[in-house]
Each structure stands twice: as C-alpha cells, then as structure tokens.
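**Q** Return atomic coordinates for the entry below.
(one chain, ligands or ions: 1)
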Amino acid sequence: MFLKGICGSHPIIFGFVYVVSYFACEITSAVQVWFLGVWARQYENHHSSEVAIWYYLTGYTLFQVLAVMLFTISYTMHLFGTLRAARQIHDALIASTLSTTLRWLDKTPASRIITRCTQDIATVDGPIAEYSRWFFENTGLMIIKLGAVVVMSPIFLVPGAAVAVLGALCGQFYMKAQLSVKREMSNAHAPVLGHFGAAVAGLRSIRAFGVQDAFRKESYKRIDRYSRAGLTLYDLNRWISVRVDALGAIFTASLAVYLVYGCTYDASSIGFSLNMAVTFGGLIIWWVRVLNEFEISGNSLERIHQYLVIEHEPQAAKSGIPPAYWPASGSLTVEKLSARYSEDGPRVLHEISFKIESGERVGIVGRTGSGKSSLTLALLRCILTEGNVYYDGIPTSSLNLDALRSNITIIPQIPELLSGTLRQNLDPFSQYDDSVLNDALRAAGLFSVQSETDEGRITLDSQIASGGSNLHVIDDILTNPGDLTWTPCLATSAIDYQTDVVIQTSLRRELNKDVTVLTIAHRLQTIMDADKIIVLDAGRIVEFGKPSDLLMNKNGLLAALVEESADKEHLHALANGAESSQTT
Ligand SMILES: Nc1ncnc2c1ncn2[C@@H]1O[C@H](COP(=O)(O)OP(=O)(O)OP(=O)(O)O)[C@@H](O)[C@H]1O
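**A** Alright, predicted model coming up:
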C-alpha cells in the first residue's frame, strides 16, 4: 500500500529513476574514496611538484558535486513519494470510514477510529516515511560496500555474505525478544504516571490519612516493574550490539590480515578496501535496528489497512441517478418493509406497509423499542432492509444513496453540530449570505426563544462546541428544503417543551404544502393534530389512521397511551381538531 503510494501512477519510471539515482549516488561516493587513493598513489611514484593537483582536486570535486546532485534527486523523489503515499492512505482511510455502514460504526468505538486517523496516520507521515528511506539506504549501502570489497578481493564474497546472514539472524532474535519487552514497557508506563497523577491530585487526603508509606511503596512497585522491562531492553540492545559489532570487526580484521599478508595490493587499494569493510561492519547493526523500527511502525499501516477492507455502503452508480424532476411530490409508499441491523441479527421491523400522500403530516408513536428510529433508518437505507419503499413512485432501492438522503431531511433529537461558528455549521460550503442564514434562523424560531438584548444570545458568529449542546435543531431547514422531513421530537432534556412548540410551529409555517412531514414523537401533544398517526409495537404497525378515528377504539394502543398521560383531555381535543389552531 505504501509502496504503491510512493510510486504513484508511473511506478516503473518512478522506481527506476529513484533506485538508479540512489545507487548512482552511493557508487559515486565510493568512487570518490577510491579516487582519493589514486591521487595519493601519485606521490609514491612522482615528485610532489609533478602531481597535477588541480586535475585531481577538480576530479574529486566533480565526484562530490555529482553525488550531491544524485542524492538531491533521489531524496526529493522519496520526499514527494512519501508525501503522496501518506496523502493517499489518509484519503483512503477517511473515505472508507465515512462510507462504512451504520452497523460498523455502531460496533467500533469512536476512540479507535480517532486513533487510526491521528496516531497511525502520524506514523505514516513521519516514522514510516523516514524508516523506509533509511532501510532502503542502509540496504543499498551495504550492498555497495560489500560489492567494493569483493571487487578488490573476490575471495571475501563468502565471508561477507556469511557476516550479513549471521547479522540478520542475530537481528531476528533481537527483534522477537524486544517486541514483547517493549510491549511490557508500554503496559507498565501508564500505571506509573496514573499513580503519580493520583497521588498529586489527592495529596491532602493522603497526608490526612497518613498513608504516604503505602503510596510510596505502591509507586516503587510500579516503577520497578517499568524499570525491569527498561533494563531488559537495554540489555537486549547491548546483546545485539556486541554480537553485530564483533561480526563486523572479525570481518574487517580478517580482511586486513589478508590484504597485508596474503596479496600484493598497493597501500591506497588496501586503504580503500578497509574503509569499505569497516563501514560495512558498522552498517549491519543499523540495518537491524532500522528494519526493526520499520517493522514496528509498519503495524500502523496494517491497522489502517484493516479499516480499508471494512463493509461499505453501496457506491453511487449511473443507474441510480433519479430523473431531474424527482421528487415532484413527497408521496411515500411502503410495502412489506422489514429491517435488521446486521445480517445475522433479528428483524426489528416486520413487513410494514403503509401509504402516505404528498404533503401529509404523519405522527409515529410507540413504546420504547417499538421500532420508530429503525423505521427512519430503514427509509434512508441505513440498515439492512427487505421489501419495497417507493418515494414519489421510484423504488428507493434503485436510487443512489446520496440522491435518496439529500431529499429526505432528518431533524434529529440530538443535534449533530461540529465545533466552529454557527455560520460554518449552517452553511458548511459557504453558499449563502448572512441575510439568508439569518432568515433561516428566524424561520427555525431561534429569535423567538431569545431576545435581541440577551447577553449570551446566539448569532451567526457564536462559537459552537463539538456536539453543539447549546443549540437545537435549526440547520436542516436551510440546507435542505426536501420533500420529506422527519422530526423526532423529544420529551427529554434535549428539547424542552417550549423549544418543541417553536420547532413544530416553524415547521408548519415554513415548509410548503407538498412537504411530507413524519414526526416521531415521545410527547403525544406534538402529533395529536397530525393528519394520520402510525402506532408501532414490536416492529409492527398496530394502528394507522386519523387520530380521532384511532382514539375511538378504546382498546387501541394510542387510546391506551393517551389514557396514561396526564393531559388526556387536551390530547383528545387536539385530535378532534378543537385546539389545533392554538398550537399552530
Ligand atoms: N444499533 C442497534 N443494533 C441492534 N439492534 C438495535 C439497534 N438499535 C435498536 N435496535 C433494536 O431495534 C428495535 C427497535 O428499536 P428502535 O430504537 O428503533 O425503537 P424506538 O421505538 O425508536 O425506541 P426509542 O423510543 O427508545 O428510541 C429494538 O429491539 C432495539 O433493541
């Protein structure tokens, strides 16, 4: 995933230029060292006045300039490649999370998603980009250094390869051992800080009860646990360093012995070979460490990848685009609609059928768990459904989800407001000017629940905290004058009675005649003057009709609900149309 991102849309060209520029840079650096030897050799056979210093100095400088240029090319490519990879991975993660199913969001803790999008993405941006470069660099350098040694003394190919293999084997041991030690360290870290924090916060109580000793002992115990893991990690590092350094030293020493006693190379060639061998030996330990860090930070990529292969909602297709005139009316026909939250979960709606004409106001009531919210989600295709729903004559199952959902407005019981100004929340795409926004707020009834002189009154520039607990449902009226509106109205603290009345009044006044309004109500007063009422029970429609008709059935569920409420006379009057004008 990461490599694909680095290489972009022309992986072969990118990979070729990158690898060639990098290797050419390192080879140039090695040749530069060799060239120094050539230069030094001139003084063995010639008098110093005969050595053309400018020639060698220019040659040396040119090698240097060439190496810098090649390095710049490969580094710039790596930089832009990793930026592109990080951006692509981030975009893919956000797109995947935002287009997942409600079910997945239900069962995945928000904190875990936030960690993926922050901590793991930060690892892709930083450490993975760096370690990938170092790993590639170190691998390339080792090959070149060993290659240079082998070119001078081919006999050293075998010991060189053996040293590399032995170093890699030690590295394997080290990596396996230190992974669990590091995990233990991070487990032991939080308790130390937590206990220290608790002790500082409760210092007075600790002293008042004279339990300093107990706290101190507990603190030492936790610090010991952390230090024990820390010491083991330190020892592991010594373990690998001693072995890998020893391997490098044995290799260089044996090469030195061979070059001095076993062959007839001149001093400068021997110097070059030893230089390469020493740096090769020193690189092994770095290679192991970088590989280890790369592998650890690679876990973030793995975790992100897990979030890319989650379940998703159907993608928008050309065939799902509705005709331009749609929806011409807000009529809704539901046939045998069943729904469940997951493939293997129980049905929460059972073959529900009803028909609502355009412009009707329909109330939906039922006891807790009867399926009111599930019906909303089923109409929006947020959960798994069977059966047919026709919205203005078109089956919603054939529509793209964005087309369907942008034509059904939900005014939720708990507002989904983001941190920012009220203006940004109302008009996230900056499409409207202030007068339109203020009109919407007025229409939503905001100005009738606060006066011009209120000190803390809400304006377009008011800052909204995440979740917007101080503001209620006002934004949908502006952003979506769709044909179907749901208003789940609550008798909870989220919306008090006064606000509920304001919202209902605004909805009645502002929405034009052919807007169909479905209101999920916990407060019967809100829907008693509706055109029709659907009564749900255990996922089935048990009553459907005009409120006054339903109330005639004394054994009916609506009648029972009304009987249970304190203001039943008022509700009866509303149902019979006597007080509807008062509410509106
Ligand atoms: N996220 C979910 N996952 C699985 N089952 C769910 C989920 N949400 C609701 N249910 C189940 O669906 C059924 C209908 O619940 P729903 O929330 O639609 O009822 P409701 O009438 O809206 O209730 P309330 O008045 O409490 O909001 C219940 O049996 C409930 O347990």
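
**Q** Name the nearest residue to Ser425, ignoring sequence neighbours.
**A** Actually, residue 425 is Asn rather than Ser. Residue nearest to Asn425 in three dimensions, not counting chain neighbours: Leu417, with 5.1 Å by C-beta to C-beta, 6 or more residues apart in numbering. From N, CA and C alone the C-beta is placed, and that goes for glycine too.

**Q** what does Thr396 give?
**A** Per C-beta to C-beta, 6+ apart, closest to Thr396 is Val389, 4.6 Å.

**Q** Give me the distance between the one you found and Ile285.
**A** Per C-beta to C-beta, to the nearest Å, Val389 is found 66 Å from Ile285.

**Q** Contact residues of the stretch 251-400 of the chain facing the ligand?
**A** By C-beta under 6 Å from any ligand atom, the residues of the stretch 251-400 of the chain that approach the ligand are 341, 345, 348, 366, 368-374.

**Q** before we move on, back to that, wait, doesn't the residue nearest to Thr396 sit right on Ala339?
**A** No. In this structure, Val389 is not within contact of Ala339 by C-beta atoms under 8 Å, at 10.5 Å.

**Q** Compare neighbour counts for the two and give me the winner.
**A** Ala339 (24 against 21; other C-beta atoms under 10 Å).

**Q** wouldn't the more buried one be in contact with Pro346 here?
**A** No. Look at Ala339 against Pro346 with C-beta under 8 Å: they stay out of range, at 10.5 Å.

**Q** circling back: is it true that the residue nearest to Thr396 lies in a strand?
**A** Yes. Counting by DSSP: H, G, I helix; E, B strand; the rest coil, Val389 is located in a strand.

**Q** Count residues in the vicinity of Asp434, would you?
**A** 12.

**Q** any idea whether Ser544 is helix, strand or coil?
**A** Quick fix: residue 544 reads Phe, not Ser. strand.

**Q** Please enumerate the shared neighbours of Ala339 and Pro346.
**A** Here Ala339 and Pro346 have no joint contacts, going by C-beta atoms under 8 Å, 6 or more residues apart in numbering.

**Q** Count the neighbours of Leu66 for me.
**A** 16.

**Q** do Tyr325 as well
**A** Counted with other C-beta under 10 Å, Tyr325 comes out at 7.

**Q** One more: the one 10 residues further on?
**A** Glu335 is surrounded by 14 other residues when neighbours are defined as other C-beta under 10 Å.

**Q** Name the spans of the protein whose pLDDT lies under the cut-off.
**A** 412-415, 445-456, 467-500, 507, 509-513, 578-584 (pLDDT under 70).

**Q** Quick one: the strands in it, in order.
**A** 332-340, 347-356, 361-366, 384-391, 394-395, 408-410, 420-421, 463-464, 484-486, 516-520, 532-537, 540-545 (DSSP state E).

**Q** a markdown table for those strands, including distance to Arg225?
**A** Listed next are the strands of the chain as a markdown table, based on distance: least, C-beta to C-beta, whole Å:
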| stretch | distance to Arg225 |
| --- | --- |
| strand 332-340 | 47 |
| strand 347-356 | 48 |
| strand 361-366 | 54 |
| strand 384-391 | 48 |
| strand 394-395 | 62 |
| strand 408-410 | 51 |
| strand 420-421 | 44 |
| strand 463-464 | 44 |
| strand 484-486 | 54 |
| strand 516-520 | 53 |
| strand 532-537 | 55 |
| strand 540-545 | 57 |
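
**Q** Would you tell me which of those strands gets closest to Tyr258?
**A** Among those, strand 420-421 comes nearest to Tyr258, with 71.2 Å by C-beta to C-beta.

**Q** Would you quantify the distance from whatever residue of the stretch 1-150 of the chain ends up closest to the ligand to Ile383?
**A** Minimum separation of the stretch 1-150 of the chain from the ligand (C-beta to the nearest ligand atom) falls at Asp106, amounting to 4.7 Å. Per C-beta to C-beta, Asp106 is found 10 Å from Ile383.
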